[in-house]
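1. Turn this into a model:
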Amino acid sequence: MAKIHIDQNRGARTTREETWPLSKLRLDTQNVRFRHVDKIMSDQEIENYIWTENDTKDLYRAVIASGGLSEKPFIMRDGIVKEGNRRVVVLRKAQQQAKQGKLKGISKDAFDEITVDVFSDDITAEEMDVWLARVHVTGKKEWGALNQADHLYRLYNDRGYSYERIRDLLGMGKAEVIRKISAYGATRDYLRETKDSDVTKYSFFEELYKKRPLVALYEGDPSFRGKVSEWIRQGKFDLTGAKDMRQLMEVLNDKDAKKAFESKGMAAAVFEMQKKNPAMGSSTFKAVDSALHALKGMPRGEVKDLRENSREVELLGELRKEIDQLLKDAGID
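-> Below is the predicted model of the structure:
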């Protein structure tokens with residue numbers, strides 16, 4: 001028997017290592033990765049869904065190569081798998097292949113039983129939510145960004161936990177907690193208002209909430225919120241996808257770039273800005289721009305210390321020579 005510490009106010013919970021028939025385990029219909037689906041999925045539908053994911057195939061190959069799991073799933077006494085649904089799906093597939101004699105060197109009954117950790121009956125649904133968040137949000141088995149945000153959102157809105165409580169229980173920064181919950185809430189609003197069904201649009205709002213000036217405008221101006229939704233829906237962020245959000249304020253503050261963005265998209269907007277600032281689209285001119293700023297800001301004391309035969313003077317001379325040659329090669333006098 002092992003102890004799991006979740007909430008000091010409720011004391012430690014226990015798990016017991018047991019061996020169960022694989023056939024007795026049931027996949028969790030409340031699994032966070034299925035919360036965006038409008039219906040309650042059956043066990044078989046969940047299995048089919050998980051099996052299509054690339055990570056599942058990778059785990060399957062590892063299990064076959066090693067002859068079993070290296071980490072035990074965690075289940076409830078009724079057989080519902082709370083942590084390790086992907087592992088159970090992989091074992092089911094491996095069991096099918098073994099029964100058909102398709103796995104060389106592995107017996108037909110190799111996957112009929114599984115070692116699991118069974119939670120004690122006194123663990124509450126609330127404690128389970130916190131424990132799953134520790135494992136999959138701040139732990140080593142991270143869910144995707146959308147699933148993490150969904151879970152935090154539910155802890156805050158459904159469980160009534162404060163930002164500070166979530167921060168303390170999960171060991172993550174308060175700012176990150178707020179950002180993920182806010183971004184997920186904005187995503188829910190967007191999906192509802194636009195009738196878009198693509199939950200991956202969360203990534204746009206995750207990026208938006210990383211920029212404070214953008215957040216202030218988004219949360220303070222309903223009309224701007226509507227514009228952002230339309231830009232996302234229309235595919236205006238066409239340069240790097242969600243990461244385009246990082247340049248949005250700069251684009252909106254440039255008259256020509258804003259016009260290009262609203263009519264064509266981010267790629268056209270950045271092109272307009274690059275015409276005014278070549279450093280935006282060229283690593284070479286970015287370095288030139290940095291060098292220019294460094295020279296303009298050179299302390300006067302360093303200027304006075306320059307000596308005719310110093311290496312500093314030689315470097316400046318080489319720079320001038322290279323610039324002169326570059327302009328000459330380009331046909332510019």
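2. Show me the shaky parts of the chain.
-> 33-38, 139-143, 279-282, 285, 308-309, 333 (pLDDT under 70).
3. In contact with the spatially most central residue of it, which residues?
-> By CA atoms, centre = their mean, the chain has its centre lying nearest to Ala145, at 3.3 Å. Residues in contact with Ala145, defined by CB atoms under 8 Å, 6 or more residues apart in numbering, are Lys180, Tyr202, Ser203, Glu206. Every C-beta, even on glycine, is put in place using the N, C-alpha and C of the backbone.
4. Restricted to buried residues, select those residues in ChimeraX.
-> Selecting only the buried entries of these in ChimeraX, with 16 or more other CB atoms under 10 Å as the criterion:
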select :180,202,203,206
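5. Check which helices and strands the longest helix belonging to the chain is in contact with.
-> Ranked by residue count, the top helix of the chain under DSSP state H comes out as helix 174-194. Counting contacts by 3 or more CB pairs under 8 Å, 6 or more residues apart in numbering; DSSP states H and E, helix 174-194 packs against helix 145-157, helix 163-170, helix 202-208, helix 222-234.
6. Report the buried residues of it.
-> Neighbour-count burial for helix 174-194 [16+ other CB under 10 Å]: 176-188, 190-191.
7. List of residues touching that helix?
-> Helix 174-194 is touched from outside by 145-146, 148-150, 152-153, 156, 163-164, 166-167, 170, 196-199, 201-202, 205-206, 208-210, 215, 218, 229, 232-233, with contacts defined as CB under 8 Å, 6+ apart.
8. Tell me how many other residues crowd Ile323.
-> Neighbour count of Ile323, defined by other CB atoms under 10 Å: 11.
9. Okay, domains of this protein per the record?
-> With automatic domain parsing as the criterion, the domains of the chain are listed as 2-123, 298-333.
10. Tabulate those domains (JSON lines), appending distance to Phe224.
-> JSON lines is the format used below for those (distance: least, CB to CB, whole Å):
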{"stretch": "domain 2-123", "distance to Phe224": "26"}
{"stretch": "domain 298-333", "distance to Phe224": "42"}
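11. Phe261 is nearest to which of those?
-> Nearest to Phe261 among the domains of the chain is domain 2-123 (29.2 Å), distances taken as CB to CB.
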